[in-house]
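Chemist: need a 3D model of the following:
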Amino acid sequence: MADYGIPASITLAQGILESGDGNSRLAKQGNNHFGIKCHTWTGKTIHEDDDKKE
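Modeler: Predicted coordinates:
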């Protein structure tokens, strides 16, 4: 918070929104509350397509 000037409440709110209050598959199975996109990660992953279909 001090480094970037972003209030902790905003970071918490974003995690709540992105994880569906901790009920999303990513939150429950991946223990992750943010949709982090990694391109060079070699560890375990959970793939979730969140792109809008037209």
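Chemist: which ones are touching residue 27?
Modeler: 19, 20, 33 (Cβ atoms under 8 Å, 6 or more residues apart in numbering). Heads up, the C-betas are built off the backbone N, CA and C, glycines and all.
Chemist: secondary structure class for it?
Modeler: Applying DSSP: H, G, I helix; E, B strand; the rest coil to residue 27 yields a three-state assignment of helix.
Chemist: let the chain start at 629 from now.
Modeler: Got it, the first residue is 629 from now on, which makes the last one we talked about residue 655.
Chemist: what distance do you get for it to residue 675?
Modeler: Going from residue 655 to residue 675 by Cβ to Cβ, to the nearest Å gives 15 Å.
Chemist: what does residue 642 give?
Modeler: Residue 642 is 21 Å from residue 675, by Cβ to Cβ.
Chemist: out of those two, which sits in the busier spot?
Modeler: Shown here are residue 642 and residue 675; by other Cβ atoms under 10 Å, residue 642 has more neighbours (14 against 5).
Chemist: for that one, give its distance to residue 660.
Modeler: In terms of Cβ to Cβ, residue 642 sits 13 Å off from residue 660.
Chemist: for the residue nearest to the spatial centre of the chain, which residues are in contact?
Modeler: The chain has residue 662 as the residue nearest its centroid, 1.0 Å off, counting by Cα atoms, centre = their mean. Residues near residue 662 by Cβ under 8 Å, 6+ apart: 642, 643, 646, 647.
Chemist: are any of the residues you listed buried, and if so which?
Modeler: Neighbour counting by 16 or more other Cβ atoms under 10 Å classes 646, 647 among the contacts of residue 662 as buried.
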